[in-house]
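K.L.:
the following comprises the amino acid sequence and a computationally predicted model.
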Amino acid sequence: MFLYLSKKISMPNGTKLKALAWNSQQGWLACGGEQGLLKVLMLDTGSAIEENKQRSTMPTASNLSMNQTLEGHHGTVVAVAWNQNYRKLTTSDEQGLVIVWVLHKGMWFEEMINNRNKSVVKDLRWSSDGQKICIAYEDGQVVMGNVDGNRLWGKDVNAQLCLVEWSPDGRLILFCTTQGTCLIYDCNSNYVAELVICFFNKGTGIRIVGIDWYNGVEGYNDPTAPTLALALASGKLQLMRHELDEEPVLIDTRMTTICIKWSPDGEVLAVVGSEVSDSDIQGSMVQLYSNTGIHLRTLHVPGTKTSALAWEGGGLRLALAVDAYIYLANIRPEYKRAFFGSSTCVYGYKKRDHAEHSVMFWNISTNERYCKYVNRLVAVSGGGEHCVLATVGEIPDQYILILCNAIGNPVDSKNISVEPLFVTMNSSYVFIASEDKIFVWMYKGTHESQAYGVDPVILQEHIIHIDDLQHPPDQDIDGETLDSSTDQICCICSSDRYLIVGRESGILHRYHLPTMSETKGLLTCRPQALELNCNSNRLSVIDVNGVLSFYDMFEKKRAEEILTPSSKHASICERVSDFERKDVWDMKWADDNPDLLAVMEKTRMYIFRGTDPEEPVSCTAYLCNFHNLQIQAVHLDEVMRQPEKLGKEHVFNYETKSLRDTRQMLKAVEIQDAFIYVEDHSHPRLWRSLAEYALETLDLSVAEKAFVRCEDFYGIQFVKGLHIIKERNKQKAEICVYFEKFDAAEKLYLEMDRTDLAIDLRIKMGDWFIVEALISRGAGNDSLLELTWNNIGNYYADRQNWSKAATYYAKANNCEKLAECFYALQNWLDLERLMNTLHDGSPLLIVIGQKFASVGICEHAVTCFVRGGDVKGAINCCMELNFWQKAMELSKLHDCEKLVSGTLAKYTSYLLQSGNPLHAVEVYQRAGEHQQAAKILTNLAKTCAKKTGNPLEAKKLFVLAAFEVEAYRSSILASKNCMEDSEVVNSKAATTLEGLLQHDTVATSEAILDNAWHGAEGYHLWLLAQRELYAGHYDQAMKISWWLRNYNDILSDEEIYSLIALTTFYNKNYAHCSQAFVKLESLRNIPQSKQEEITQMALNIFSQYPPISPSQDSTRFCGNCNGPIEELSTKCPNVNCQTHFKICMASGNLILSEEHTQCITCKHWILSMKLRSFKHCPLCHSPIEQSVIATYPKSLRV
């Protein structure tokens, strides 16, 4: 941080000032003094960006846009306070008169007046929200009022008051007394406590001269940092985190303190006082401290006494009331910033609503920005192509180094124990320094260390104590080995050759890289900042007073210095005696010229060539880069106001005088004179400018010499090529191309009637649209036109404009790219048409097939694969898309059945093992393997019935299995019919038919396929019997349950006979009920306890009801032989008939001679009288409209 005086404003008639207040929001500066003096000033200062646009060589002046004298006070104005939220000014004089001023039409007028006439107002303060004002009188009276002028309360604190201060939240008020105490009250005038002053000694009186509590409006950079400052006249400062802080930060300023004030962001505390000596008080001074108590800067102020100070709202200026003058002091903060690479500026800042620090990586050339977030950022440094961020870790005494690239991505990191007070880096090393230790981290490259014979592993990281004599790099020290040094490190810098460390005493340590051998020198000042030039032979130093000086770095017997420890006393630097600059706050050496240095001196920028300065330019930007005689700087003050809204206007570019003069000379004098000037001021950038001008004037000899001097091999070759060309216009055209003036070059080619050269130029540039236009004039050929269309198509394809790309690819007949466009556009119709235009065997067919397969269009994909000759690819496509039937057809057609069957078996096996049987069924269905699907469904139905006991779900699964069996049989029958209908049955067809029949024989031997509907029938009748039972149709339920005896392979005997017992009992058919109980008692798979329950139940029933069947009301007759049949018989007892009666799936009754309907799907029967209640088959749920009605003769009807 640097502080310097920039302006002096005098008061009329030499009236001395007593009070100052600066409105941080609107910028008004109020000052009060003797004889009732009260003024409101507005300092109109152009921004740094406006200064950059003006580029004036004169320093900018701060003009007064407002200078109003307010009349109303007659005594000395002692207190001035702003209410920023309500734009009001409150003032008071030594006679007790308080006036509130308000702004009206650009002028300040009295709004309210109050005069107590009993005591003097010592201090007055507004609360942070502007709602309340507290006025403290010398006699101990306190008055609290609101913004409307109403008195809220008054109180006598029984002490003489001198100062008052609000807490940030407005809950507490602190009153300082002339006895050296600080009393804490709440906002309702209730006493709370007394603030503990740690400097207080019994028997010794103290006087409080300043108190300030940061209001937190700008947020808190560190929530744990002190915000309450208390100053004693003896020069002691007490910084507290809150009013009850038991461990405050204590500071001795070593001066007589007058007043203090926090900066608007609470980061810096300004302390005004006077120097103290044994003889007398000597002048005024301002000291700046950080909120943690670290001394930042001291400014000596001319004049007898400084009575007040105030901060500008941006925190970049201080106003000091000195005698009858207002001195303005500019502050140049030390931002956490760095510049690395060729155009990357990185800086850290804190948002109000974020706990983390934001780090912005800004490319000042392209304006690209990348924001990253880190915790507790301490420092930033850059070098080479990387930067390093130093942060505080979560563990005490732990710090983290984060190495980042140009877009903020972390490349490496390192945990260290050395506090990063100072950070510097070069292209291979990062150096961290605390007060007495140096941490060295080699993050990149080992070839240099190997060249010096040093083990690269040793130099990767180690710690050096500043007082350790010639500490070898291979012996890392312990942090507790040496005591802390009294001569602390105050600054460091580095180059690719040296590490320079400066100490408070002026001792300079120089470490050679990569060996880290040490030599020492002595400076004549206390350094604040160090910087080495590009070849490390000159060191620029800025001391604590802002004085810039040069030191020439040299070595005596370099080899002996490295090997001999006594060489530490050798002088390694010598001050340049004829050079010194004051008020310097930033500097930057050129990276390509050891004699050029850019320096920021107050509000001016100077460029030094050696020790000779060029004409200054007005600038307050921070220096970033000095390359090719051009300086790049960034207006960080403007950037920090809106750190995320960046633009070109924040970048300051400036050229050196030699570059500007060279350009002017090239326009004004002969080229030979310019050549002599450039030779006297030799620099590659100047020679390149001369070479370019010589090319423009076709002075090839001078151009060649200039390219040689700037070592531009490409330029030399270019000039040699121009010598070969004899035509002057063609030379001009080539030079236009060199300067990237392509339109001018094309115009020259066309004027020469060399359209071919114009086309070649545009082809090299890749400007294919102009190539197409030139070809349309008649130049070129078909192959070139086709190449042009292809490249235009590529242009649109790169920008994903697929429709236009397809148009040009179609013109060029580029089927491959056309297929890509149709695929991107999802234009499957045109892609199919493109497929049809290709000949069989074309490799593009395979590509198109893959595209169709990727979106699930299996039919077209298979066509492409087959036509392309990749049958296996077609089969794999079908299998991947679950078109197994198509895969089976292709495998049979191309003799690849093993491929499909094997894959199908593995896939279904995997599905079954993974618990997806229904997915496996679906796969088998798609593959036409209906018999396998039926097996899985049957097993699943049996498992479902046992585990869940859900008969309806089991029935559905059995029905699905039966459907699969029917589908299997239909496919076999269709295959057989196809063979029989063929006119010529060859041997191969006969063999196939025989195999199919054998397969059917094997299948029908299995019980599942032999009677596919058996399981579905069993569960259907089971559900029907249950429904009839619960409906109270006991006779019908008994009959249906009796039929279930034929399904004991589907249902268990326990289930069947339990249902029979239940239905016969309710139907009072105790004979059949007795038979059911006998069967249940004979079962061996029932637990003993349950068998006992069944026996006991049978005993209870049949002891009351004898096992006798009731008499039948009517006799039933066979529909075939008309013979009588038993009630529960499903077969005609006539030996000559033996007819098996069918069961109606709707009612469960036997169909004897009634009209009935057969379902054409499941081939089961339904009584015609039941059709009114059903639209679908009760068993398989197929539509009944497709059924067949069968009738019997009337003679056979009963």
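P.N.:
Ah, there it is.
K.L.:
got the domain boundaries for the chain?
P.N.:
Split into domains by automatic domain parsing, the chain comes to 15-37+73-214+225-260, 426-580, 1013-1106, 1111-1198.
K.L.:
of all these, which lies closest to F340?
P.N.:
domain 426-580 (9.5 Å; CB to CB). In short, each C-beta sits where N, CA and C put it, glycine included.
K.L.:
first-to-last residue distance for that closest one?
P.N.:
28 Å (CA to CA, to the nearest Å).
K.L.:
which element, helix or strand, includes the residue positioned nearest the centre of the chain?
P.N.:
Most central in the chain under CA atoms, centre = their mean is K372, positioned 8.1 Å from the mean C-alpha point. Assigned by DSSP states H and E, K372 belongs to strand 369-374.
K.L.:
does anything pack onto the following helix or strand past that strand? Which helices or strands?
P.N.:
Once the chain leaves strand 369-374, the next helix or strand it forms, by DSSP H and E, is strand 377-383. In terms of contacts (3 or more CB pairs under 8 Å, 6 or more residues apart in numbering; DSSP states H and E), strand 377-383 is packed against strand 337-340, strand 344-350, strand 357-363, strand 386-392, strand 422-425.
K.L.:
how about 10 Å then?
P.N.:
Judged by 3 or more CB pairs under 10 Å, 6 or more residues apart in numbering; DSSP states H and E, strand 377-383 is in contact with strand 337-340, strand 344-350, strand 357-363, strand 386-392, strand 399-404, strand 422-425, strand 429-433, strand 489-494.
K.L.:
and of the ones you listed, who's closest to T662?
P.N.:
Per CB to CB, nearest to T662 of the helices and strands packed on strand 377-383: strand 337-340, 26.1 Å.
K.L.:
for the residue nearest to A433 when sequence neighbours are not counted, grab the count of nearby residues.
P.N.:
Nearest residue to A433 in three dimensions, chain neighbours excluded: F422, at 4.2 Å (CB to CB, 6 or more residues apart in numbering). Number of residues near F422 (other CB atoms under 10 Å) recorded here: 22.
K.L.:
cool, C877 as well?
P.N.:
Other residues close to C877 by other CB under 10 Å number 26.
K.L.:
how far away is Y693 from L38?
P.N.:
63 Å (CB to CB, to the nearest Å).
K.L.:
who has more neighbours, those two?
P.N.:
Counted by other CB under 10 Å, Y693 and L38 do not tie: L38 has more neighbours, with 23 against 20.
K.L.:
for A967, give me phi and psi.
P.N.:
phi -70, psi -40 (degrees, to the nearest 10).
K.L.:
surely it meets Q885?
P.N.:
No. Using CB atoms under 10 Å, A967 is not in contact with Q885; the gap is 11.4 Å.
K.L.:
still on that earlier bit, quick one: contacts for the residue nearest to A433?
P.N.:
379, 381, 390, 431-435, 438, 489-493, 501-502, 530 (CB atoms under 10 Å, 6 or more residues apart in numbering).
K.L.:
quick one: the strands in the stretch 1051-1198 of the chain?
P.N.:
For the stretch 1051-1198 of the chain, applying DSSP state E, counting those that start in this stretch gives strands covering 1116-1117, 1124-1125, 1142-1143, 1150-1151, 1156-1158, 1165-1167, 1188-1190.
K.L.:
please identify the most buried of the ones you listed.
P.N.:
Neighbour counts (mean count of other CB atoms under 10 Å) averaged over each of those peak at strand 1165-1167, with a mean of 22.
K.L.:
distance between that strand and the chain's centre?
P.N.:
A distance of 72 Å separates the centroid of the chain from that of strand 1165-1167, by CA atoms, centre = their mean, to the nearest Å.
K.L.:
tell me what it is packed against?
P.N.:
strand 1142-1143, strand 1150-1151, strand 1156-1158, strand 1188-1190.
K.L.:
go again with 6 Å.
P.N.:
strand 1156-1158 (3 or more CB pairs under 6 Å, 6 or more residues apart in numbering; DSSP states H and E).
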